[in-house]
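**Student:** everything below, folded, please.
(one chain, ligands or ions: 2)
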Amino acid sequence: MALSLQQERTLFTKLHNTLTKKTRTQVRILNYPKMPEDFTKTENQMRLGEHTDWGTVTFIAQDNMGGLQVKSRSGDWIDVTPKDGCIIVLIAELMQRWTSDKFQANPHRVVKLPCESESIKGGEKSRFSMIYFGNPDWDAVINSIDDSKYEPIKANDHLDELWNESFGKY
Ligand SMILES: O=C(O)CCC(=O)C(=O)O
Ligand SMILES: [Fe+2]
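**Tutor:** Ligands and ions are numbered 1, 2, ... in the order given. Modelled structure (predicted):
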């Protein structure tokens, strides 16, 4: 990724010492349960609303249920059809800032599962996904490659800012 931007090879990796340094990198396993027979979906309700992830790079492994969609630059939603042995790679917001918007955080969402009816009543099965949210070292200072665009920011402060914007200060 760094080489494709004419940067030194280790630009990103040298600040991702995930096994040896404190980081907010995490893995989450999500279950989208089969809905009860008497559940009725409200209009436009989906399993996981449109969002971008906050770190650098996200990896998603999903089962074969489907439902994940990514948004193209032209604004169309594209189904990410499950394929055995494939992992989905998404750019997240800190990577967008780091690359001065050369790589763009990719909006995505999870809509009703193909096995679900329009009202999400019943459905055959639940869906599982496993997500790796990559983040740099906690105290890494992220200097954007075109430094006139964004101020340097500590990886942890970037996540705190987004957290506070979304959920308020605690
Ligand atoms: O379950 C999925 O496939 C996507 C989950 C996701 O986008 C997230 O947790 O940020
Ligand atoms: Fe996400």
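
**Student:** and Leu3, how close does it get to ligand 1?
**Tutor:** Relative to ligand 1, Leu3 is positioned 27 Å away (C-beta to the nearest ligand atom, to the nearest Å). From N, CA and C alone the C-beta is placed, and that goes for glycine too.

**Student:** not counting residues beside it along the chain, what's closest to that residue?
**Tutor:** Arg9 (5.9 Å; C-beta to C-beta, 6 or more residues apart in numbering).

**Student:** please apply the same query to Asn106.
**Tutor:** Leu90 (4.8 Å).

**Student:** which SS class is that neighbour?
**Tutor:** strand (DSSP: H, G, I helix; E, B strand; the rest coil).

**Student:** contact partners for it?
**Tutor:** 53, 57-60, 70, 105-106, 108 (C-beta atoms under 8 Å, 6 or more residues apart in numbering).

**Student:** how about the residue of the chain found nearest ligand 1, what does it touch?
**Tutor:** Here the residue of the chain nearest ligand 1 is Ser129; by C-beta to the nearest ligand atom that distance is 3.4 Å. The contact partners of Ser129, taken as C-beta under 8 Å, 6+ apart, are 29-30, 32, 60-63, 68.

**Student:** are any of those buried, and which?
**Tutor:** Using 16 or more other C-beta atoms under 10 Å as the burial test, these include 32, 60-62, 68 as buried.

**Student:** picking up where we left off before, from memory the residue nearest to Leu3 sits against Ala2, does it?
**Tutor:** Yes: in this structure Arg9 lies within contact range of Ala2 using C-beta atoms under 8 Å: 5.6 Å.

**Student:** quick one: which of those two has more around it?
**Tutor:** Neighbour count, other C-beta atoms under 10 Å: between Arg9 and Ala2, Ala2 has more, with 15 against 10.

**Student:** go ahead and confirm that one touches Leu11.
**Tutor:** Yes: using C-beta under 8 Å, Ala2 is in contact with Leu11, at 4.1 Å.
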